[in-house]
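Student: Using only what follows, build the 3D model:
(one chain, ligands or ions: 1)
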Amino acid sequence: MNIGILALQGDVEKHGHVLSDLGLEYIFVRYPDELNEVNGLIIPGGESTTLTKLMNKSHFHKPIKKFAEKNPILGTCAGMIMMSKNVNHPLVDPLGIIDVDVDRNAYGRQVHSFVDKLSVRLNGDSKTIAATFIRAPKITKIGKNVEILAEFNNEPCAVKQGQHIALSFHPELNNITLFHKAVFCNKGSINKQESSHAA
Ligand code: GLN
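Tutor: A predicted model of the protein is given here:
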């Protein structure tokens, strides 16, 4: 597998470290043509209004939607916002890859960022992890084909549809590898590989 990390803006490098930990190769994707060189994509955190602008400028929307028909995508925070169907902000143009609606910044401002424990259910296993939320989006509506992998305060914050996963939080900041592994390695158990940084 060669994974692309969408590198228009935001928190791109730490995702590379997680992929390296899993023994996966990656490139930074800055132009739509580069999607032809990869068979999986990460849309990282950042700022969804800026991401929208930069994606529009480089004409990324159609190519990413097409890419998602055959290849897995992992979105974290702003990446989840971009993967959603509807967003509560007129300047965000989401891709509609996962059937959820989201509210941006629903967990408060940067100073209200927090780390908390989450229980994740994935491929029949469960695991407690530390999750970092930074101006995180909240899922307000969820389609029937979307599986909930984790909840925070009884609200979904990690979801899976088909081969794609979207997360409100930042697993790459706590060296959590299980989501990257589930999306890009397609191997069952999450209990055998979690890093020492997991809670
Ligand atoms: N609040 C940001 C947005 O609206 C997302 C923050 C993040 O990615 N950490 O895009």
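Student: pLDDT score for the residue positioned nearest the centre of the chain?
Tutor: Residue closest to the average C-alpha location in the chain (CA atoms, centre = their mean): G75, at 1.8 Å. pLDDT for G75: 98.
Student: list the contacts for it?
Tutor: Taking CB atoms under 8 Å, 6 or more residues apart in numbering as the criterion, G75 is in contact with 42-43, 81-83, 97-98, 164-167. C-beta coordinates here come from the backbone N, C-alpha and C atoms, glycine included.
Student: Check the residues you listed one by one and keep those near the ligand.
Tutor: For the ligand, the contacts drawn from the contacts of G75 by CB under 6 Å from any ligand atom are I81.
Student: Got phi/psi on I3?
Tutor: As for I3, its main-chain torsions (degrees, to the nearest 10) stand at phi -100, psi 140.
Student: Among the contacts of G75, which are located in helices?
Tutor: Of the contacts of G75, the ones assigned to helices by DSSP state H are 81-83.
Student: Let me have those residues in TSV, extended by neighbour count and pLDDT.
Tutor: Shown next, in TSV, are the ones in helices among the contacts of G75 (neighbours: other CB atoms under 10 Å; pLDDT from 0 to 100):
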residue	neighbour count	pLDDT
I81	32	98
M82	30	98
M83	28	98
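Student: Touching, M1 and F184? I think so.
Tutor: Yes: counting by CB atoms under 8 Å, M1 does reach F184; the two are 5.6 Å apart.
Student: Please identify which of these two sits among more neighbours.
Tutor: Using other CB atoms under 10 Å as the criterion, M1 and F184 rank with F184 on top: 26 against 16.
Student: before we move on, back to that, what do M1 and F184 both touch?
Tutor: With CB under 8 Å, 6+ apart, M1 and F184 have common neighbours 24, 40.
Student: residues in contact with G79?
Tutor: 6, 42-46, 166-167.
Student: D93 too?
Tutor: D93 touches 52, 55-56, 61, counting by CB under 8 Å, 6+ apart.
Student: the strands in the chain, which residues?
Tutor: Using DSSP state E, the strands of the chain run over 2-6, 25-29, 41-43, 73-76, 86-87, 100-103, 114-122, 125-133, 138-142, 147-152, 155-161, 164-167.
Student: Just give the closest residue to G46, not the sequence neighbours.
Tutor: In this structure, G46 finds its nearest non-sequential neighbour in G10, 2.2 Å apart by CB to CB, 6 or more residues apart in numbering.
Student: Please report the distance of the one you found from the ligand.
Tutor: Distance of G10 to the ligand, computed by CB to the nearest ligand atom, to the nearest Å: 6 Å.
Student: Hmm, I43 and that residue touching each other?
Tutor: No: between G10 and I43 there is no contact under CB under 8 Å: 9.1 Å.
Student: residues of stretch 24-44 that come out buried?
Tutor: Using 16 or more other CB atoms under 10 Å as the test for burial, stretch 24-44 gives 24, 26, 29, 32, 34-35, 38, 40-44.
Student: farthest pair in these?
Tutor: The most widely separated members of the buried residues of stretch 24-44, counting by CB to CB, are L24 and P32 (21.5 Å).
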